[in-house]
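K.L.:
Quick one: sequence plus predicted model below, questions after.
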Number of protein chains: 2
Amino acid sequence: MTNMSRFFIGIDLGGTKIGGAVYDAITSDVLIERVIPTEAHQGCDEVLNRISRFIDELSHNDSLPSDDFGGIGLGLPGTIDFDRGAPELIPNLHSQWSGKPVVSILQEMTRRPVVLINDAHAFTLAEATLGAGAGKQTVVCFTIGTGIGGGIAIDGRVHQGLDGRSGIFGHHTIDPHGPPCGCGNNGCMEALASGPAITARAVKAVLQGLNTRITSLVDSDISQITPQIILQAAQEDDQIAKDILQRSGTYIGIGVANAITILSPECVIIGGGIAHLGEWILNPIWDEVRRRCFTAPIDKIEIQQAKLGPNAGMIGAAIWASQKL
Amino acid sequence: MTNMSRFFIGIDLGGTKIGGAVYDAITSDVLIERVIPTEAHQGCDEVLNRISRFIDELSHNDSLPSDDFGGIGLGLPGTIDFDRGAPELIPNLHSQWSGKPVVSILQEMTRRPVVLINDAHAFTLAEATLGAGAGKQTVVCFTIGTGIGGGIAIDGRVHQGLDGRSGIFGHHTIDPHGPPCGCGNNGCMEALASGPAITARAVKAVLQGLNTRITSLVDSDISQITPQIILQAAQEDDQIAKDILQRSGTYIGIGVANAITILSPECVIIGGGIAHLGEWILNPIWDEVRRRCFTAPIDKIEIQQAKLGPNAGMIGAAIWASQKL
């Protein structure tokens, strides 16, 4: 169903921050983007109270030309029970969120309709419509950080799949003999190409005593190694660091190549913290795509860094509300 | 655009046979299914003449309640240049087909509109709407024979992707260290799980002198080994044959598990010659899906053999015409 309302609110609920955006469905403009702390320690009910007050503030903003609000999209960092309007498995939040009927609670508090969306799907929807994939028919997104999430957008709509579980590229198998993954499978893209997988390669190099700048950059404290540190070493021409980024980009590239072969998108978007590695990661991704994609018209395909930054989730949640309500 | 015509003709052009179907878009019934030989040796122009006469026969059939024909869908066993309305790469037909503007030629001959579709996409569309996936929102199809093709259907429509190249599951990488594939990549699903890959495992076992029924079933002539022979040996309780089917099903299962993780379909359909291996292949596929799919709701997902048989391609081509014309 589509109503005629103009403004939609998107909320991106994270473990430490809550983002809120106001989206104008008539002009496709994002009018307000704000962030408040989650303060998750206060418990689920208090966080919901704060989200309700946050929504109230966002909708009573003097800069808005009218108060024609259609409803709210809430992005959740995990799986969703759409039948019950509740979070299912939300690894970064307390287990008390599981099964909590947040749709009915927030609808009662705000007196507006509420729809849920997975945060990687919200990211995908925002990037596919207003970001790096704007105007493209098929867009595949990867968010690569601690984990690897993703989404598929076709004609400006997210493909949800059964129970909203599509686009989980991080857990497709890219090496059947690969290392164990937290999900229970082995050889998942996430086990080989996520931030921790990249960091672990540098930790191993330092522990092995290899001659690398990474060791001095972290003062021999392996707990300080991050993808950002590896990037810094690579920029200082450290060969080990360059090899690690190359190898990691190769694994990301296998996953990207699979997405291209299976979906034939016009545009692949890489977001999340690892996207900041820029060319160091994009070049080996392209190498792997050229090496493995012979069925897709890769000359017409773009591989881009995400454009909307950390607010993509809240923006996508608002767009989702505008599409669903 | 959708017009109000009732009947649509689907043509499935193969290397040895041409299938033709008449589809009633009002009742969703398939009214006629016929097959004629391709006689490809007569050359491209003569085959097009024969297709035109075949279309004429199909549309002037006395059993049809009216002559309200909307147009023709032509399924091609390869890639398509949609801009030019021409085949691009059609491995099973003479190279003179490449670039031949078959849409304009057939439109002139038949005086009806013509649209093209890849044959695996036509198969997918037929199975997703009238076959094993009828009524399901997201359907993934695999056709496993000499090669592995496939398609993705969402809400009864085939996801085409850029240049109609989506759903090429056979060429996504399931083992980055795997054997070379004809496409130029290595470790493709097709290189590990197609009919020839399965046959090659039995050829190797026989050449190695392993104690297997396969050897006597083909009278020591390895050129006679087929998946059907391996099935027969397995049914006669031959352990080597059973191991080969198990291993092959495992590789198919990795590809199926990836499709499930990436697309979260309600239904996965296995077609093509290898589907006749039945439980011998479906059981290891399920084992692998259970071992690898932790993000999708697999209890709600069906993995089914294709239902429409060899006529799925012509039926899907007709449905495609009804959707596009």
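P.N.:
Yes, it's here.
K.L.:
Checking my notes, residue A:18 in a helix, right?
P.N.:
No - according to DSSP: H, G, I helix; E, B strand; the rest coil, the state of residue A:18 is strand, so it is not within a helix.
K.L.:
Counting neighbours, what do you get for it?
P.N.:
23 (other Cβ atoms under 10 Å in any protein chain shown). Bear in mind the C-beta positions are built from the backbone N, C-alpha and C, glycine included.
K.L.:
go on, residue A:243?
P.N.:
When neighbours are counted by other Cβ under 10 Å, residue A:243 comes out with 15.
K.L.:
Now look at the longest helix seen in chain A and say if it contacts chain B.
P.N.:
As assigned by DSSP state H, the longest helix anywhere in chain A is helix A:239-263. Yes - among the residues of helix A:239-263, A:254, A:257, A:258, A:259, A:261, A:262, A:263 lie within reach of chain B under Cβ under 8 Å from any Cβ of the partner chain.
K.L.:
Quick one: the residues you listed as TSV, columns for neighbour count too.
P.N.:
Formatted as TSV, those follow (neighbours: other Cβ atoms under 10 Å in any protein chain shown):
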residue	neighbour count
A:254	25
A:257	28
A:258	26
A:259	26
A:261	29
A:262	31
A:263	27
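K.L.:
Spatially, which two of these are the most separated?
P.N.:
Greatest spatial distance in these: A:254 and A:263, 15.0 Å, computed using Cβ to Cβ.
K.L.:
In contact with residue A:74, which residues?
P.N.:
Residues counted as contacts of residue A:74 (Cβ atoms under 8 Å, 6 or more residues apart in numbering or on different chains) are A:11, A:13, A:51, A:102, A:103, A:106, A:114, A:115, A:116, A:117, A:317.
K.L.:
for chain A, what spans make up the strands?
P.N.:
A:7-13, A:17-24, A:29-37, A:69-76, A:80-81, A:86-87, A:114-118, A:138-144, A:148-154, A:157-158, A:267-271, A:302-305 (DSSP state E).
K.L.:
Could you save these as TSV and add columns showing distance to residue A:132?
P.N.:
Below are the strands of chain A laid out as TSV (distance: least, Cβ to Cβ, whole Å):
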stretch	distance to residue A:132
strand A:7-13	18
strand A:17-24	18
strand A:29-37	15
strand A:69-76	19
strand A:80-81	25
strand A:86-87	28
strand A:114-118	19
strand A:138-144	8
strand A:148-154	11
strand A:157-158	15
strand A:267-271	5
strand A:302-305	4
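K.L.:
can those strands go into TSV with extra columns for mean pLDDT?
P.N.:
As requested, the strands of chain A are exported to TSV (pLDDT from 0 to 100):
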stretch	mean pLDDT
strand A:7-13	97
strand A:17-24	97
strand A:29-37	96
strand A:69-76	96
strand A:80-81	96
strand A:86-87	96
strand A:114-118	98
strand A:138-144	98
strand A:148-154	97
strand A:157-158	98
strand A:267-271	98
strand A:302-305	97
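K.L.:
Residue B:177 is nearest to which of those?
P.N.:
Shortest distance between residue B:177 and the strands of chain A, using Cβ to Cβ, is found for strand A:148-154: 21.0 Å.
K.L.:
so residue A:322 touches residue A:25, yeah?
P.N.:
Yes - between residue A:322 and residue A:25 a contact is recorded at 4.1 Å, counting by Cβ atoms under 8 Å.
K.L.:
So the two - more neighbours on which side?
P.N.:
Between residue A:322 and residue A:25, residue A:322 has the larger neighbour count (other Cβ under 10 Å), namely 25 against 21.
K.L.:
Below-threshold pLDDT in chain A: ranges please.
P.N.:
Counting by pLDDT under 70, chain A has low-confidence residues at A:1-3.
K.L.:
ok, which stretches of it are helices?
P.N.:
Per DSSP H, chain A carries helices over the ranges A:44-59, A:102-110, A:119-129, A:189-193, A:195-207, A:213-217, A:227-235, A:239-263, A:279-292, A:312-324.
K.L.:
before we move on, back to that, what angle separates the longest helix of chain A from strand A:148-154?
P.N.:
With axes from the mean of the first three to the mean of the last three Cα atoms, to 10 degrees defining the directions, helix A:239-263 sits at 30 degrees from strand A:148-154.
K.L.:
so how far is helix A:239-263 off the chain centroid?
P.N.:
18 Å (Cα atoms, centre = their mean, to the nearest Å).
K.L.:
between that helix and strand B:138-144, how big is the angle?
P.N.:
Here the directions of helix A:239-263 and strand B:138-144 differ by 90 degrees (the same axes, to 10 degrees).
K.L.:
Contact residues of the stretch 101-250 of chain A facing chain B?
P.N.:
So far as Cβ under 8 Å from any Cβ goes, the stretch 101-250 of chain A lies against chain B at A:137-138, A:152, A:154, A:159-169, A:171-177, A:183-185.
K.L.:
send the alpha carbons of stretch A:297-309 over as CSV?
P.N.:
Extracted C-alpha coordinates of stretch A:297-309, given in CSV (Å, rounded to 0.1, in the frame of the first residue of the first chain):
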residue,chain,number,x,y,z
PRO,A,297,29.6,-8.0,-18.9
ILE,A,298,32.2,-6.7,-16.5
ASP,A,299,33.1,-3.8,-18.7
LYS,A,300,29.7,-2.3,-17.9
ILE,A,301,29.9,-3.0,-14.1
GLU,A,302,31.0,-0.5,-11.5
ILE,A,303,32.6,-1.4,-8.2
GLN,A,304,32.3,1.6,-5.9
GLN,A,305,32.9,2.6,-2.4
ALA,A,306,29.7,3.5,-0.5
LYS,A,307,28.9,7.2,-0.7
LEU,A,308,26.5,8.0,2.1
GLY,A,309,28.8,7.3,5.0
